[in-house]
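Peer 1: I'd like to go over a predicted model; first the sequence, then the structure.
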There are 2 protein chains.
Amino acid sequence: MKTIVEYSQIIEEAIKSLNLPIERLGGLYSPIVYGMSEGGKRLRPVLALMACEAFGKSYEESVKAGVALEMYHNFTLLHDDVMDNSDMRRGRPTVHRKWDANTAILSGDTMLTLATKLVMNVDDSILRDVLDTFNQMSIDVFEGQQMDMDFESRDDVSLDEYMTMITGKTSALLGCAAKIGAIVAGCSKQDAESMYRFGVALGLAFQIQDDYLDVYGDEATFGKPIGGDILNNKKTFLMLSALQADAEGDNKLSQTMQMSPSVAKIDAVREIYNSLGIPEICRKAIVEFSKEANDMIQSTSMCEEGKTMFKNLVENLVGRTR
Amino acid sequence: MKTIVEYSQIIEEAIKSLNLPIERLGGLYSPIVYGMSEGGKRLRPVLALMACEAFGKSYEESVKAGVALEMYHNFTLLHDDVMDNSDMRRGRPTVHRKWDANTAILSGDTMLTLATKLVMNVDDSILRDVLDTFNQMSIDVFEGQQMDMDFESRDDVSLDEYMTMITGKTSALLGCAAKIGAIVAGCSKQDAESMYRFGVALGLAFQIQDDYLDVYGDEATFGKPIGGDILNNKKTFLMLSALQADAEGDNKLSQTMQMSPSVAKIDAVREIYNSLGIPEICRKAIVEFSKEANDMIQSTSMCEEGKTMFKNLVENLVGRTR
């Protein structure tokens, strides 16, 4: 097997080789090329390529499906940035800011169809299985996004509902990526399901860590300002865990949430989180989901090298608490 | 074979039987149910069902694929209405007006994936062929929409470019519908291609007629105010044909297009169209594309009853000049 960095580079090259017809129709395709460049770790396709090799086939069999997953991921970013009216993404203007909302909508739509076309680059014998996995993931992602939007106007969101939401919005695509890589390699039905559950658990650990770092992270390492979720009263794992604990106490958090956005508010909420033991609750949850992810990997029939690589990947991704 | 009205009713029932989970996630699925209701003729699925039976299989084999095409069509309407900022559609508020733009974007995205899921309800032996046809149609539609948007800020659009645009934006889905119905029935590769070209020619005739009726139609029959395209200086078949003819003349049209929107402007532009013989050019083009559509049908190996039904359908759809 190759290293994660090598898989990542292979995907980078495959993305550059897409040769989208920007000369013929730049208005449609340039924003796609822009959205697909500067993509960071390429985590989703890397999961697919790793799974494919860990189950005994060459990564080459899954490169196009891998690019499909990255295309899908970036499609959701284009549309999410319109819906959230976000100006910046990965240190650059978002597509809807660099061009306009209509461009982000239509180029995003095109990316969804291009992703479907790309993921079809598999044997006929597994085509339906791969597409069923891909389409179900897509529905899960949309449902997760809808729940996230619904949460904004609700003040009775439960922690359970939050977990369902991030299972769709964040985890489903990771599960889908690991599963499709494994299906391409011809793994058993049971192993495919384990790989899906691996990706979901990894995604949950990852999202809770992201929520945690937004409050307790180091600004330089985290890559965005700390405390944004608190300022926006965003329903996160921390906020909902704290509200649950606080409801049995003096409801101090609900009052503090009424404060207008300020550094003082961030400090006050963080202080309440500390007094309720939220950091420890987060760390426990992250460890629990990381363990589940790893257990799923170990339960499969993939090669030992693969098991070690996936174990290390989980540790690298969700071992960060600053 | 059944009548067009019967095929249309079958689709209506199939749409009602979709049972989308509006109780579980109304924010996402209610706009889809709303968008899919009150859909008029259901032309696209009707083409699929007719083609399927004309080539010898029961319509039942193509009902879900037919619903997929209607779902796709309505997905494009949801997003187009956001992009055009349209308030009304089929006499009702558009989704982005009844709910909001974010809802129209996300529910629209969901419809695209649901359409892909639905169109997969075919035999494994033709799955790739059907999906390739569907995905290529989708790319053609997006490219057509992009060209249409690009045209707004250009004043050098040629009639050729316009035909390419409407081939994507309007015709590709009709061609896809007829072709998929035929593929489901197990037709030959050549017949499938002829059915695609039939749908494209029908779409071109239909679009030119629509452009014509916007200037010369009867308001009550046409269903929307006459002259809208002229008021907006929209690049239509009439406008571009007239500009081409006028360029060899005195450029009177270009000057008249500078007039501010008014009934006088509509009358003045219509007068120029009349003097340049545009109504006759339209009628000729409609007849030509109708003939091509019918020729394509007659060239296939479908049953005689099917040929007659398709011939009548073309006449009914594009025989209207008021």
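Peer 2: Done, it's in.
Peer 1: three-state assignment of residue A:41?
Peer 2: At residue A:41, secondary structure determined by DSSP: H, G, I helix; E, B strand; the rest coil is coil.
Peer 1: Spatially, which residue comes closest to it, not counting chain neighbours?
Peer 2: Distance criterion C-beta to C-beta, 6 or more residues apart in numbering or on different chains; nearest residue to residue A:41, sequence neighbours excluded, is residue A:8 at 6.3 Å. Quick note: C-beta positions are derived from backbone N, CA and C, even for glycine.
Peer 1: Is it correct that that neighbour is in contact with residue A:46?
Peer 2: Yes: under the criterion of C-beta atoms under 8 Å, residue A:8 makes contact with residue A:46 at 5.6 Å.
Peer 1: When those two are compared, which one has more neighbours?
Peer 2: The neighbour comparison of residue A:8 against residue A:46 (other C-beta atoms under 10 Å in any protein chain shown) goes to residue A:46, with 26 against 19.
Peer 1: Near the closest residue in space to that one that isn't next to it in sequence, how many other residues are there?
Peer 2: Counting by C-beta to C-beta, 6+ apart, the nearest residue to residue A:46 once its immediate chain neighbours are dropped is residue A:7, at 4.6 Å. Residue A:7 has 24 neighbouring residues, counting by other C-beta under 10 Å.
Peer 1: Report the contact partners of residue A:7.
Peer 2: For residue A:7, the contacting residues are A:42, A:45, A:46, A:49, A:50, A:59, by C-beta atoms under 8 Å, 6 or more residues apart in numbering or on different chains.
Peer 1: Any chance of a PyMOL selection covering the buried ones in those?
Peer 2: Here is the PyMOL selection string for the buried members of those, based on 16 or more other C-beta atoms under 10 Å in any protein chain shown:
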select buried, chain A and resi 42+45+46+49+50+59
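Peer 1: Tell me the residues of chain A that contact chain B?
Peer 2: Within chain A, the positions near chain B by C-beta under 8 Å from any C-beta of the partner chain are A:25, A:27-28, A:79, A:82-83, A:101-102, A:105-106, A:108-110, A:112-114, A:116-117, A:120, A:124, A:127-128, A:131-132, A:135, A:138-139, A:142-143, A:145-147, A:149-150.
Peer 1: what's the spacing between the nearest residue in space to residue A:175 that is not next to it in sequence and residue B:266?
Peer 2: Leaving aside its sequence neighbours, residue A:175 sits nearest to residue A:199 (C-beta to C-beta, 6+ apart; 3.3 Å). Per C-beta to C-beta, to the nearest Å, residue A:199 is found 59 Å from residue B:266.
Peer 1: same deal with residue A:79?
Peer 2: Using C-beta to C-beta, one gets 38 Å for the distance from residue A:79 to residue B:266.
Peer 1: Would you mind telling me which of those two has the busier surroundings?
Peer 2: Neighbours per residue, other C-beta under 10 Å: of residue A:79 and residue B:266, the larger number sits with residue A:79, 26 against 19.
Peer 1: Is residue A:202 in contact with residue A:174, as I believe?
Peer 2: Yes: with contact defined as C-beta under 8 Å, residue A:202 and residue A:174 form a contacting pair (5.6 Å).
Peer 1: For the two, indicate the residue with more neighbours.
Peer 2: Legend: neighbour count by other C-beta under 10 Å for residue A:202 and residue A:174, higher for residue A:202 (29 against 26).
Peer 1: what residues are up against that one?
Peer 2: If a contact means C-beta under 8 Å, 6+ apart, then residue A:202 has A:171, A:174, A:289, A:290, A:293, A:314, A:317, A:318 as its contacts.
Peer 1: do that again at 10 Å, thanks
Peer 2: A:43, A:47, A:170-171, A:174-175, A:178, A:289-290, A:292-294, A:296-297, A:310, A:313-314, A:317-318 (C-beta atoms under 10 Å, 6 or more residues apart in numbering or on different chains).
Peer 1: which of those residues count as buried?
Peer 2: A:43, A:47, A:170-171, A:174-175, A:178, A:289-290, A:292-294, A:296-297, A:310, A:313-314, A:317-318.
Peer 1: helix/strand/coil for the residue nearest to residue A:175?
Peer 2: Going by three-state DSSP, the secondary structure assigned to residue A:199 is helix.
Peer 1: Quick check: it vs residue A:206, distance?
Peer 2: Applying C-beta to C-beta, the value for residue A:199 to residue A:206 is 10 Å.
Peer 1: what's the answer for residue A:261, then?
Peer 2: 27 Å.
Peer 1: Same check on residue A:25?
Peer 2: Taken as C-beta to C-beta, the span from residue A:25 to residue A:206 is 36 Å.
Peer 1: Which one's more surrounded, those two?
Peer 2: Neighbours were counted for residue A:25 and for residue A:206 using other C-beta under 10 Å; residue A:206 has more, 23 against 16.
Peer 1: immediately after the helix or strand hosting the more buried one, which helix or strand?
Peer 2: Remark: residue A:206 resides in helix A:189-216, with elements defined by DSSP states H and E. Per DSSP H and E, helix A:189-216 leads on to helix A:219-222 as the next helix or strand towards the C-terminus.
Peer 1: other SSEs contacting that following helix?
Peer 2: helix A:189-216 (3 or more C-beta pairs under 10 Å, 6 or more residues apart in numbering or on different chains; DSSP states H and E).
Peer 1: Centre of the chain to the least confident helix or strand in chain A by mean pLDDT, how far?
Peer 2: Lowest by mean pLDDT, DSSP states H and E among the helices and strands of chain A is helix A:219-222, with a mean of 77. Using C-alpha atoms, centre = their mean, to the nearest Å, the mean C-alpha position of helix A:219-222 is found 19 Å from that of the whole chain.
Peer 1: got it, and stretch A:149-157?
Peer 2: Per C-alpha atoms, centre = their mean, the centroid offset for stretch A:149-157 relative to its chain is 21 Å.
Peer 1: What lies in contact with it?
Peer 2: By C-beta under 10 Å, 6+ apart, the residues outside stretch A:149-157 that reach it are A:83-84, A:147, A:161-162, A:165, A:232-235, A:239-240, A:243, A:254, A:257, B:25-28, B:100, B:102-103, B:106.
Peer 1: so of those residues, which ones are in helices?
Peer 2: Judged by DSSP state H, the contacts of stretch A:149-157 include A:83, A:147, A:161-162, A:165, A:239-240, A:243, A:254, B:26-28, B:102-103, B:106 as members of helices.
Peer 1: which helices and strands sit right next to whatever helix or strand residue A:280 lives in?
Peer 2: If you go by DSSP H and E, residue A:280 is part of helix A:278-299. When contacts are defined as 3+ C-beta pairs under 10 Å, 6+ apart, helix A:278-299 sits against helix A:172-184, helix A:189-216, helix A:237-247, helix A:263-275, helix A:304-318.
Peer 1: try it again with 6 Å
Peer 2: Here helix A:278-299 touches helix A:189-216, helix A:237-247, helix A:304-318, going by 3 or more C-beta pairs under 6 Å, 6 or more residues apart in numbering or on different chains; DSSP states H and E.
Peer 1: Mean pLDDT lowest where, among these?
Peer 2: The weakest mean pLDDT among these belongs to helix A:237-247, with a mean of 91.
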